[in-house]
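**Q** Any chance you can model this:
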Amino acid sequence: MALDDPIDTGRFAGPGPRGGTIRVMVVDDSVTARAVFSRVIAPEPDMDIVALASTAEEALATLPSIPVDVILLDLEMPGRGGLDALPDMLACARGAQVLVVSTLTKAGAEATLRALSLGAADTLEKPHPGCFDSAYREELVKRVRTLGAKSGKTVPPSSLPIRTAGGLARKKRPKILAIGASTGGIHALRAFFDELPRCIGIPILITQHLPSSFMAPFAEQIASFSHRPAAVAQDGAVLQPDEVLVAPGHAHITVVERRSRFEVRLDERSAASGCRPSVDPMLASLAAVTDGHALAVILSGMGRDGAIGASDLHAAGGTLMVQDEASSAVWGMPGAIARAGLASQVLPPEQLARQVPVSVDAA
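**A** Numbers count the residues shown, from 1 in each chain. Prediction:
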């Protein structure tokens, strides 16, 4: 099926919500896009298309009367547009998760990153006409299903064993802070940096799953809300205290030590997680090169990327802290580490940030 196939769509489609199904709203000014997304989602037995809207204003008028779990949102629409309306949409959507359907242009990347920092959970490239293949359909369904599983659900306090902040004093003093994140991670990163002291005295590395074309504007966004120098990591770059380096889209960020200083080595080999960039190589290299003198923070994300590297870092005596389930858009990556008993702290992002100085100052 191609985006330019002839279709017929009404404003609302589908039989309405059924018990246990994921209720999906599509907000896009393109009648073709609305129809194509509907055709993909409607046949899924655990999903219903409950509303279609051609403008943000129409979506905002609909949300109070129709419960929704996942919103597929186009940002470029007539009127207010998806980005401007996003905060109001989140406020009246009662816990619905927003999946931004975006272009990979520089302007599209900047708008999408802004939406993710405001609370949208994830992004997916909008397909070009004629390029709507089975792989895209499978990816769309997977992301809607993952976000729908979390939407609006109240998560009870974790019963996992959690060490107290005092346990951090027994860890090795970190020389580098490494952060890994994926779905829901950018909103969490903003909350984390809002609470992180301006000066912690060690370099900061970030691996965030994003398309390659998003990385430069992502680094600019990090610089803006962290109030620190931030750049996409280059091979051979020397790590500097309180500066942020972001993994590029084509390689994993790893670290080596040369002449008593830490330098970036970009690694383009495949990772076990299948992600590129992947959190695993970053943490594994820190375990080896710092002898465990590293602190890793794993924020919201789909999948298990980071679990292998976290095991290496933990075995070397390093410290791991992860975002809690209640505040995560998806508790895949942080949950894998917490369930393995590797995390010293399982907390919301802002509380994790307050623990960083405790760890850095530990003797």
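**Q** use CA for all of it now, contacts and neighbours both
**A** Fine.
**Q** Buried ones in the longest helix along the chain, by neighbour count?
**A** In the chain, assigned by DSSP state H, the helix with the most residues is helix 134-150. Across helix 134-150, burial judged by 16 or more other CA atoms under 10 Å covers 136, 140, 141, 143, 144, 145, 146, 147, 148, 149, 150.
**Q** do stretch 310-328 as well
**A** For stretch 310-328, by 16+ other CA under 10 Å, it's 310-314, 316-328.
**Q** got it, and stretch 241-258?
**A** Buried-residue list, stretch 241-258, by 16+ other CA under 10 Å: 242-256.
**Q** who's in contact with residue 313?
**A** For residue 313, the contact set (CA atoms under 8 Å, 6 or more residues apart in numbering) comprises 283, 284, 286, 287, 288, 292, 294, 319.
**Q** how close does it sit to residue 339?
**A** Counting by CA to CA, to the nearest Å, the gap from residue 313 to residue 339 is 16 Å.
**Q** Also residue 181?
**A** 17 Å.
**Q** who's more crowded, those two?
**A** Applying other CA atoms under 10 Å to residue 181 and residue 339 shows that residue 181 carries more neighbours, namely 27 against 11.
**Q** Residue 224 is in contact with residue 190, correct?
**A** No. Assessed by CA atoms under 8 Å, residue 190 is found out of contact with residue 224, at 9.9 Å.
**Q** CA atoms of stretch 83-103 as PDB?
**A** Taking Å, rounded to 0.1, in the frame of the first residue of the first chain, the C-alpha atoms of stretch 83-103 are listed here in PDB:
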ATOM      1  CA  LEU A  83       3.900  21.400  18.500                       C
ATOM      2  CA  ASP A  84       2.100  24.500  19.800                       C
ATOM      3  CA  ALA A  85      -0.900  22.400  20.900                       C
ATOM      4  CA  LEU A  86       1.000  19.600  22.500                       C
ATOM      5  CA  PRO A  87       1.000  20.800  26.100                       C
ATOM      6  CA  ASP A  88      -2.700  21.400  26.000                       C
ATOM      7  CA  MET A  89      -3.200  18.000  24.300                       C
ATOM      8  CA  LEU A  90      -1.200  16.200  27.000                       C
ATOM      9  CA  ALA A  91      -3.100  18.000  29.700                       C
ATOM     10  CA  CYS A  92      -6.500  16.900  28.500                       C
ATOM     11  CA  ALA A  93      -5.500  13.500  27.200                       C
ATOM     12  CA  ARG A  94      -5.500  11.900  30.700                       C
ATOM     13  CA  GLY A  95      -2.300  10.000  30.400                       C
ATOM     14  CA  ALA A  96      -2.300   9.200  26.700                       C
ATOM     15  CA  GLN A  97       1.100   8.700  25.100                       C
ATOM     16  CA  VAL A  98       2.100  10.800  22.100                       C
ATOM     17  CA  LEU A  99       4.000   9.300  19.100                       C
ATOM     18  CA  VAL A 100       5.200  12.100  16.900                       C
ATOM     19  CA  VAL A 101       5.200  11.300  13.200                       C
ATOM     20  CA  SER A 102       8.000  13.400  11.900                       C
ATOM     21  CA  THR A 103      10.100  14.200   8.800                       C
END
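**Q** contacts for that stretch?
**A** Under CA under 8 Å, 6+ apart, the answer for stretch 83-103 is 56-57, 59-60, 63-64, 67-76, 108-109, 111-112, 114-115, 118-126, 144, 147-148, 151-153, 329.
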